[in-house]
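Student: here you go, sequence then predicted model.
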Amino acid sequence: MGGGTAGTTTTADEAAAVRESRRQMTRDGLAISAYALPVGLVFGLTALQAHYSFLDVLANSAIAFAGGAQFAAAGLVKDGASWLAIAGVVALVNARHLLYSAAIAPYATERPRRERAFMAHFLTDETFALALAHFRRIGRFDRRGYWIASMAIFVPWTIGSCIGYVVAGAVNTTGLGLDVAFPAAMAGLSLGMVSGRRDVAAALGAVAVAVPVGLAGGASIGLVAGALIGPLFGLAVPASPNDESSAPETPEPSAEAGLP
Amino acid sequence: MSVALVPLAFLMWAMTYPSRALPMLAPGIERLPAWAVTYLRLAGPAALAALAAVNCLLTTDKPPHLLVGIEPVAVGICVLVVARTRLLLPGVVAAVILVAVTRALGIAA
């Protein structure tokens, strides 16, 4: 009987720990939501400039659900790039999600395959950062926790995109300087992903390749060349202590910027 | 209402979802060579930096020319603000305000 009491106490303690960890995650998630909404607004504006329709914007944010890649695709659509080029850039920009998924996988092995497949759609920088920290605090998987983390970014991002599109349609975007929001957001996002000298070399190498190739062959070709060759500059540089290449569980700092 | 780019959204999903799902659905796939893991990690900042560069340093005409104007300066301001605050939004707002003000004053086109 005493063992039963101890077991009940342990279970109650665990439940309290999970609730406390969820509360902490919700607080962190609200901070992320607070940034995802306005950055979603910027995406809506960018999409309008690339001649998306409202449904295109909604589909992009809800189906592709890939912030930085959505910005990239909008820029390429605006430049008249082929869908093949867009697909290549999106795959490259989002390749880092392999590392996130690998880090979440050990916690989710007990979940049904179908559930894991559905969870994967929502695995962004922010979901990863929030969920993994929560799982580590409680020492196991928590289904409700994962969905709280996912929705903290999915809902404000999608709503923000739609609002941004509608609002931007009513103003003179060039007169207000809003046309610079896209390249500025891309540069800022890139910086948010930089954590060591290898990242710096990759980003600068990409620019050094993209601009001359773009001048010679067109902007979209320059972009793809920069994206493919830039990382080789990073690989050529010795890793600094801040480089994260040996720590696949570390979330990209871009999570702080409020983008999926 | 046009839905011309909805299929593109599905294509983008198809390019994104495998990265998110494969390690969770097929454990072991994450055991890539170290250089490949590093390349994948570096692809993000490289692609976004290239995108920023072609959109603020090249004109949209064909063939493109090097753009000289307030836009590259504004993007540089954004980078400085993001580097200082680690937040994207203040940087974008600063860039937009700079461009709007200089255009309103007739300093920039």
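Tutor: Okay, I see it. Numbers count the residues shown, from 1 in each chain, chains lettered A, B, ... in the order given.
Student: the helix or strand bottoming out on mean pLDDT in chain B and chain A in contact?
Tutor: Ranking every helix and strand in chain B by mean pLDDT, DSSP states H and E puts helix B:34-57 at the bottom, with a mean of 83. Yes - Helix B:34-57 lies within reach of chain A by CB under 8 Å from any CB of the partner chain, at B:34-35, B:37-57. Just so you know, the C-beta spots here come from the backbone N, C-alpha and C atoms, and that holds for glycine as well.
Student: weed out the non-buried ones from those.
Tutor: The neighbour count (16 or more other CB atoms under 10 Å in any protein chain shown) marks B:37-57 as buried among the residues of helix B:34-57 next to chain A.
Student: packing partners for the least confident helix or strand of chain B?
Tutor: Packing partners of helix B:34-57 (3 or more CB pairs under 8 Å, 6 or more residues apart in numbering or on different chains; DSSP states H and E): helix A:67-79, helix A:83-93, helix A:97-108, helix A:181-192, helix A:197-217, helix A:219-236, helix B:70-85.
Student: which one of the ones you listed lies nearest to residue A:160?
Tutor: Residue A:160 lies closest to helix A:67-79 among these, at 10.4 Å (CB to CB).
Student: that closest one and chain B in contact?
Tutor: Yes - counting by CB under 8 Å from any CB, chain B has neighbours in helix A:67-79: A:68-73, A:75, A:77, A:79.
Student: among the residues you listed, who's most crowded?
Tutor: residue A:73 (32 neighbours; other CB atoms under 10 Å in any protein chain shown).
Student: quick check: closest non-adjacent residue to that residue.
Tutor: Leaving aside its chain neighbours, residue A:73 sits nearest to residue A:86 (5.1 Å; criterion: CB to CB, 6 or more residues apart in numbering or on different chains).
Student: contacting residues for that neighbour?
Tutor: Residues near residue A:86 by CB atoms under 8 Å, 6 or more residues apart in numbering or on different chains: A:72-73, A:76-77, B:8, B:11-12.
Student: run the last query once more with 10 Å
Tutor: A:69, A:72-77, A:79, A:220, A:223-224, B:8, B:11-12, B:15 (CB atoms under 10 Å, 6 or more residues apart in numbering or on different chains).
Student: thinking again about what came up before, what's the angle between the least confident helix or strand of chain B and helix A:83-93?
Tutor: Relative orientation of helix B:34-57 versus helix A:83-93 (axes from the mean of the first three to the mean of the last three CA atoms, to 10 degrees): 120 degrees.
Student: chain center to helix B:34-57, what's the gap?
Tutor: Centre-to-centre, helix B:34-57 and its host chain are 9 Å apart (CA atoms, centre = their mean, to the nearest Å).
Student: what does stretch A:107-122 give?
Tutor: 19 Å.
Student: now swap in stretch B:73-89 and tell me
Tutor: With CA atoms, centre = their mean as the basis, the mean position of stretch B:73-89 lies at 13 Å from the chain mean.
Student: C-alpha coordinates for that stretch, CSV please?
Tutor: Provided in CSV are the C-alpha atoms of stretch B:73-89 (Å, rounded to 0.1, in the frame of the first residue of the first chain):
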residue,chain,number,x,y,z
VAL,B,73,22.0,51.1,-47.9
ALA,B,74,18.6,50.3,-46.3
VAL,B,75,19.3,46.6,-46.3
GLY,B,76,22.7,47.4,-44.7
ILE,B,77,20.9,49.3,-42.0
CYS,B,78,18.6,46.4,-41.5
VAL,B,79,21.5,44.1,-41.0
LEU,B,80,23.1,46.4,-38.4
VAL,B,81,19.8,46.6,-36.5
VAL,B,82,19.3,42.8,-36.6
ALA,B,83,22.9,42.3,-35.5
ARG,B,84,22.3,44.5,-32.5
THR,B,85,18.9,43.4,-31.4
ARG,B,86,18.8,39.8,-32.8
LEU,B,87,15.2,40.6,-33.9
LEU,B,88,14.1,40.9,-37.5
LEU,B,89,11.2,43.2,-37.3
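Student: next, the contact list for residue B:15, please.
Tutor: Residue B:15 touches A:64, A:66, A:69, A:73, A:86-95, counting by CB under 10 Å, 6+ apart.
Student: dump those residues into TSV; add pLDDT as well.
Tutor: TSV is the format used below for the contacts of residue B:15 (pLDDT from 0 to 100):
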residue	pLDDT
A:64	95
A:66	90
A:69	89
A:73	92
A:86	93
A:87	94
A:88	91
A:89	88
A:90	92
A:91	90
A:92	84
A:93	82
A:94	86
A:95	83
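Student: so which of those residues is the closest to residue A:47?
Tutor: residue A:73 (9.3 Å).
Student: between the least confident helix or strand of chain B and helix A:67-79, how big is the angle?
Tutor: Using the same axes, to 10 degrees: helix B:34-57 against helix A:67-79 is 50 degrees.
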